[in-house]
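In: my questions concern the predicted model and sequence given below.
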Amino acid sequence: MGIIPLLIAIFLGLSFGATPEDRILQELSKLREDMTELKASQRIFMEQVDKRLRELREDMNKRFEQVDKRFEQVNNELDRLVNIMVGVFAGQIALVAAVIGFAWWDRKTVIREAREETIEELEQRGSIRKLIEVLREKAKHDKELAEILKSHGLL
């Protein structure tokens, strides 16, 4: 309460001849009213503070939910990237295996062809064919040579 109403109350009290006890009682009554008003305003203030704290708590919960969602999105994106990297790595391994397999197959093919060409060339010259024919003729009279040629599929 302000000072002006207090001064008016004192002036009025003096003019009507109030005793000091009456003035003290009036002041106490005014103090009680002031205390009641203070308690009411304090209660309102506390209710507003509680309301604001509840709102802040709700806002924080919403923000935490948003952060959680963002972490989930980032986690999903990382999982997707890891899957892509695993796919690329597996593709490279398959490609390397295919190249090695092709090289192995090609090596066998080249060696086989080279062997056949060499045999054909030697046969064209006739020297091996003549040698085998000579050995076959000799094997007709030599049993040991005949067995050797049979074991190698030349007779």
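Out: On my side now, so go ahead. Source: prediction; values computed, not measured. Numbering: from 1, shown residues only.
In: so residue 153: helix, strand or coil?
Out: coil (DSSP: H, G, I helix; E, B strand; the rest coil).
In: what is the burial count for residue 73?
Out: 10 (other Cβ atoms under 10 Å). C-beta here means a position set from N, CA and C on the backbone, and glycine is covered the same way.
In: please, which helix or strand holds it?
Out: For residue 73, the host element (DSSP states H and E) is helix 20-125.
In: next helix or strand past that helix?
Out: helix 127-139.
In: that following helix vs helix 20-125, what angle?
Out: 60 degrees (axes from the mean of the first three to the mean of the last three Cα atoms, to 10 degrees).
In: quick one: helix 127-139 to chain centroid distance?
Out: For helix 127-139, the gap between its own C-alpha mean and the chain's C-alpha mean amounts to 76 Å (Cα atoms, centre = their mean, to the nearest Å).
In: cool, stretch 125-144 as well?
Out: 76 Å.
In: one more: stretch 122-135?
Out: The answer for stretch 122-135 is 72 Å, by Cα atoms, centre = their mean.
In: show me what the mean pLDDT comes to for that stretch.
Out: Predicted confidence along stretch 122-135 averages 75 (mean pLDDT).
In: list the buried residues for it?
Out: residue 135 (16 or more other Cβ atoms under 10 Å).
In: same check, this time on stretch 133-143
Out: Neighbour-count burial for stretch 133-143 [16+ other Cβ under 10 Å]: 135, 139.
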